[in-house]
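**Student:** Just a sequence and a predicted model for now, questions to come.
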Amino acid sequence: MVSVSSKDFIYKTFHDFYTSDTFFPPSISRFNEREIGFFLLKNRIMIRHKRFQTIEDLTSFFKNNVPSDVYRSCAYYEYPAAEMAKKGWIGSDLVFDIDADHISNSCDKIHDKWFCLICGFQGKGVTPKECPLCGGKKLNNKTWPCESCLDSAKEETKKLISFLELDFGFSKTELRTFFSGHRGYHVHVENSAVETLDTLARKEIADYITGVGVMGKGTKKDHRDLPLSNFGWDKRLKEGLCAFLSEATKKDLEIAGITTNRDAILTKKELILERCVIKGKWDGIFGLKDGTWSQLLRHVKSIESSQIDTVVTTDVHRLIRMNNTLHGKTGFKKVEFPVKLIDSFDPFKEAVAFNGGNVRVCVSDAPLFRIGENMFGPYKNQEVELSIAAAVLLICKERAELVKNKNV
Ligand SMILES: [Zn+2]
Ligand SMILES: [Zn+2]
């Protein structure tokens, strides 16, 4: 539980942000056809089915009501403020969400914890779908917007962009890329060709990007038709196999699930690459089984696919965080950046919403982290003086409380 003084501090900083000229109203296409939703800092109630005529109306609402989180629909409606069945769905952007919560990382066991609200069982790392002890589905977690997790999310985003550009033929100008303000990235396709796609069509796109069905149906006979062509997934499998095998060690093969013939694969690496990658055909190499080829491709598929949250992409009524607004779990902004600048995009610099200030907080537990050029932590049960951005992050993540003193 966050203390009253910490809550007041967050309210004041969020209010200051929305009333200052560092807040730029977002640019949202077909704004008055969108449903808008909020969580307000005052009562933590979700308010949705709102429509605003202009961005100016929206920003004055922010100033008067101070939301912790702001969302807008990916869809366009005739009546955005009506109840769901009466909204008059016109279409929806094609939206992708990549969240570190769904990506397994070596560091998540260090900074992420989860616990079951039913039986109290707890663990470290990625939150499971259900409690391994009681099977309950009510699980709470404590995660961290970690630099290395966000780097992995960025890699997944780059793979997604590659699918959208090379396999689906969208140009960079049709894609909008955002840092979510917490642990991931969003990619929006705004284009009349995708607007009216139904859930099923969106599911097919999501399946393609996650590689569902690429290796057949997972039966004993699963295989890829041969020879591999130079298009789509075939091309990705070939290039991926080439990249993987060229660098592979015995340990890598073990991780790839290759149980036998590891030495043979390594000694015949060149021959495999020539036969499979250049000819696209598994002709059979003495000492290697067909199953080995399938297992190698299955592994390469898992490397080459992009780990998008498919639920978000297939939901044609989805609300998604509004760009330029603050994320209630971090105090960072959701920010847009040009697709072509993804490599140099630094979320811990460009999403920072607060400048200066020094406040004293009592930190229960925080890993080493960076904001802009400054490093902080790790902290454990200690009182420290921090910049506003760092203090807001720790309080929002429920890892620190404001310390009341004469200057506050
Ligand atoms: Zn449980
Ligand atoms: Zn991490």
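**Tutor:** Arrived safely. Residues are numbered from 1 along each chain as shown. Ligands and ions are numbered 1, 2, ... in the order given.

**Student:** isn't there a helix covering residue 301?
**Tutor:** Yes: Residue 301 forms part of a helix when assessed by DSSP: H, G, I helix; E, B strand; the rest coil.

**Student:** wait, it sits on residue 237?
**Tutor:** Yes: counting by CB atoms under 8 Å, residue 301 does reach residue 237; the two are 6.7 Å apart. Quick note: C-beta positions are derived from backbone N, CA and C, even for glycine.

**Student:** Neighbour count: those two, which is higher?
**Tutor:** Using other CB atoms under 10 Å, the more surrounded residue of residue 301 and residue 237 is residue 237, with 25 against 20.

**Student:** Would you map the helices across the stretch 301-408 of the chain?
**Tutor:** Here the stretch 301-408 of the chain has its helices, by DSSP state H, counting those that start in this stretch, at 310-314, 347-350, 388-396.

**Student:** That should have said the stretch 1-150 of the chain, apologies.
**Tutor:** For the stretch 1-150 of the chain, helices defined by DSSP H, counting those that start in this stretch occupy the ranges 4-19, 55-65, 108-111, 147-162.

**Student:** Buried residues of the first one, list them for me.
**Tutor:** Along helix 4-19, the positions that meet the burial threshold by neighbour count (16 or more other CB atoms under 10 Å) are 6, 7, 9, 10, 13, 14, 15, 16, 17, 18.

**Student:** can you dump the C-alpha coordinates of that helix into CSV?
**Tutor:** What follows is helix 4-19 as a C-alpha-only set of coordinates in CSV (Å, rounded to 0.1, in the frame of the first residue of the first chain):
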residue,chain,number,x,y,z
VAL,A,4,-1.1,9.1,1.7
SER,A,5,1.9,11.4,1.4
SER,A,6,3.3,9.3,-1.5
LYS,A,7,-0.1,9.4,-3.2
ASP,A,8,-0.3,13.2,-2.8
PHE,A,9,3.2,13.5,-4.3
ILE,A,10,2.3,11.4,-7.3
TYR,A,11,-0.9,13.4,-7.8
LYS,A,12,1.0,16.6,-7.6
THR,A,13,3.7,15.5,-10.1
PHE,A,14,1.2,14.1,-12.6
HIS,A,15,-0.9,17.2,-12.3
ASP,A,16,2.1,19.4,-12.8
PHE,A,17,3.0,17.4,-15.9
TYR,A,18,-0.4,17.7,-17.5
THR,A,19,-0.5,21.5,-16.8
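
**Student:** Need the residues that contact that helix.
**Tutor:** Residues outside helix 4-19 that contact it (CB atoms under 8 Å, 6 or more residues apart in numbering) are 2, 23, 41-42, 59, 62-63, 66-68, 326, 331, 353-354, 359, 388, 391-392, 395-396, 400-402, 404, 408.

**Student:** chain center to that helix, what's the gap?
**Tutor:** Centroid separation for helix 4-19 versus its chain: 26 Å, with CA atoms, centre = their mean, to the nearest Å.

**Student:** Then the last one?
**Tutor:** Per CA atoms, centre = their mean, the displacement of helix 147-162 from the mean C-alpha position of its chain is 8 Å.

**Student:** That helix near ligand 2 anywhere?
**Tutor:** Yes: Helix 147-162 reaches ligand 2 (CB under 5 Å from the ion) through 148, 149.

**Student:** buried stuff in that helix?
**Tutor:** Residues 149, 150, 152, 153, 154, 156, 157, 158, 159, 160, 161 are the ones in helix 147-162 that count as buried (16+ other CB under 10 Å).

**Student:** can you count the residues close to the residue nearest to residue 186 when sequence neighbours are not counted?
**Tutor:** Nearest residue to residue 186, sequence neighbours excluded (CB to CB, 6 or more residues apart in numbering): residue 178, at 4.4 Å. By other CB under 10 Å, 23 other residues sit near residue 178.

**Student:** what touches both of residue 301 and residue 237?
**Tutor:** Shared contacts of residue 301 and residue 237 (CB under 8 Å, 6+ apart): residue 214.

**Student:** and the end-to-end length of stretch 119-133?
**Tutor:** Distance between the two ends of stretch 119-133: 8 Å, counting by CA to CA, to the nearest Å.
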